[in-house]
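1. Provided below for reference: sequence and predicted model.
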Amino acid sequence: MNIRAQIRMLPDNRRLHMHDGPIDLIVEAFGRPMDIKAAYRAAAQRFPTVLDELCEELKFLRQPTRPDGPLPQGPIARRMVAAVTPYAATTFITPMAAVAGAVAEEILGIMTHAAELSRAYVNDGGDIALHLGPGERFVVGMMEYPRPEAIALPRELARYTFPNSPVFLCAPRGSSSLSTSNGTPRSEYELQRNTLFGTTTLDFTHPVRGIATSGWRGRSFSLGIADAVTVLADTAAQADAAATVIANAVDLPGHPAVVRIAANELQPDTDLADRPVTQGVGELRLDEIHAALSAGAQVADQLRRQGLIRAAALNLQSETRLVGRRNFGLDEYPVESIRFGKGTASAVPIGATSDGGFSR
């Protein structure tokens, strides 16, 4: 029996926090009280088995995926392999590129199977699985984040929230306040409405059910130099894998301002072996930034045309390139690159009432 897993309700008594080793989930369900309780109970029963299940097949999951390769046994592992297989013929990728999104999907699926929910999300460190029932919606926006030093946050909180992990803002119907996905009230972030520069509504008829972000500043290694690449896709595992691939493509190979270290020097058991991962990016010229973003945007657009993603936002040193811009509600902007001041842009789902209005 797993005694490591920690499961508790957050102080708002709405969201469930589940933690086990590297897995850290924030869960919120909407619906009748009895259904919410049933969903949380199912999630709490499934969660303690997740890490051990993955560890049983970890050796396989750290190996490069082959288009015609064998399949793992566990449902999460199979979901991981399915998400990365489309890339296996052309690039190095392992199932670990989709682990966070696949875990989020698994827990969300358990919840929706156990109870009739109107809306729900599972946020695994910024990789988010969404559930929307008929007539329900979330609003997803592009938000510019201030850097950690600009906000009075506990050190351990800033580590996991900034600079490029999406903050999932969501409010129940009738609420006048918002809380972030990691349990901290919105007011503690001093997030202002004017930091939101574009939104799109995801309703029941919209195919997007997954959001993920990858970049060299994040909690996982990256071969590229993107500060953040945020992807909207049909599933969280698909978004997770695609964000990894696109972030790796935002690059300036051999540039002297980029610091790279062999992955296994930083983490001996990494699935990336001795591949050089980015550990620092110095100041780049604007033309260099655009060149790196263009390389990533070309890959993102190809994935969009193949139906692997719906949209992507690529950010590097305050420059952002959008692919599938209609899905970000930014058609009014005629330029292909939007420049910010200081900060990192990312996509964030914002809780909306059932009639689509902002829950502020």
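-> Now that the structure is in, tell me what you want to look at.
2. Output the below-cut-off pLDDT ranges for the stretch 201-350 of the chain.
-> For the stretch 201-350 of the chain, applying pLDDT under 70 flags the ranges 325-350.
3. Going along the chain, name the helices of it.
-> 236-249, 263-266, 286-305 (DSSP state H, counting those that start in this stretch).
4. could those be laid out in a markdown table, adding mean neighbour count and distance to Ala5?
-> Any C-beta I mention is one placed from the backbone N, CA and C, and that applies to glycine too. Converted to a markdown table, the helices of the stretch 201-350 of the chain look like this (neighbours: other C-beta atoms under 10 Å; distance: least, C-beta to C-beta, whole Å):
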| stretch | mean neighbour count | distance to Ala5 |
| --- | --- | --- |
| helix 236-249 | 31 | 20 |
| helix 263-266 | 14 | 27 |
| helix 286-305 | 18 | 35 |
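5. Identify whichever of the ones you listed lies nearest to Arg8.
-> When the helices of the stretch 201-350 of the chain are compared by C-beta to C-beta, helix 236-249 sits nearest Arg8, at 22.9 Å.
6. Output the contacting helices and strands for that closest one.
-> On a contact count with 3 or more C-beta pairs under 8 Å, 6 or more residues apart in numbering; DSSP states H and E, helix 236-249 meets helix 75-84, helix 99-114, strand 127-132, strand 210-214, strand 228-233, helix 286-305, strand 311-316.
7. Contacts for the third one next, please.
-> Spelled out, it's strand 127-132. For strand 127-132, the surrounding residues in contact (C-beta atoms under 8 Å, 6 or more residues apart in numbering) are 100-101, 104-105, 107-108, 111-112, 117, 119-122, 138, 166, 168, 181, 202-204, 206, 208-213, 235-236, 239-240, 349.
8. From the chain's centroid, how far away is that strand?
-> Distance, stretch centre to chain centre, for strand 127-132: 10 Å (C-alpha atoms, centre = their mean, to the nearest Å).
9. So what are the sheet partners of it and their directions?
-> Neighbouring strands of strand 127-132 in its sheet, by DSSP bridges, are strand 119-124 (antiparallel), strand 210-214 (antiparallel).
10. From the chain's centroid, how far away is the last one?
-> Averaged C-alpha coordinates place strand 210-214 at 3 Å from its chain's average position (C-alpha atoms, centre = their mean).
11. likewise stretch 94-113?
-> Here stretch 94-113 shows a centroid-to-chain-centroid distance of 12 Å under the convention C-alpha atoms, centre = their mean.
12. Likewise for stretch 110-120?
-> Distance, stretch centre to chain centre, for stretch 110-120: 21 Å (C-alpha atoms, centre = their mean).
13. Can you list the buried residues in it?
-> Using 16 or more other C-beta atoms under 10 Å as the test for burial, stretch 110-120 gives Ile110, Met111, Thr112, Ala114, Ala115, Leu117, Ser118, Arg119, Ala120.
14. mind checking the longest helix of this protein?
-> Ranked by residue count under DSSP state H, the longest helix found in the chain is helix 33-56.
15. any idea of the mean pLDDT in whichever helix or strand comes after that helix?
-> Proceeding N to C from helix 33-56, the next assigned helix or strand is helix 58-61, under DSSP states H and E. For helix 58-61, mean pLDDT is 94.
16. now for helix 58-61, which elements pack on it?
-> Short answer (3+ C-beta pairs under 8 Å, 6+ apart): helix 58-61 packs on helix 75-84.
17. just the angle between the helix it packs on and strand 228-233, please?
-> Counting by axes from the mean of the first three to the mean of the last three C-alpha atoms, to 10 degrees, helix 75-84 points 100 degrees away from the direction of strand 228-233.
18. Alpha carbons only: can I get helix 75-84 in PDB?
-> This file holds the C-alpha atoms of helix 75-84, laid out as PDB (Å, rounded to 0.1, in the frame of the first residue of the first chain):
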ATOM      1  CA  PRO A  75      -3.200   2.700 -19.300                       C
ATOM      2  CA  ILE A  76      -1.200   5.800 -18.500                       C
ATOM      3  CA  ALA A  77       1.900   4.400 -20.200                       C
ATOM      4  CA  ARG A  78      -0.200   3.400 -23.300                       C
ATOM      5  CA  ARG A  79      -1.600   7.000 -23.400                       C
ATOM      6  CA  MET A  80       2.000   8.400 -23.200                       C
ATOM      7  CA  VAL A  81       3.200   6.200 -26.100                       C
ATOM      8  CA  ALA A  82       0.100   7.100 -28.200                       C
ATOM      9  CA  ALA A  83       0.900  10.800 -27.700                       C
ATOM     10  CA  VAL A  84       4.500  10.600 -28.800                       C
END
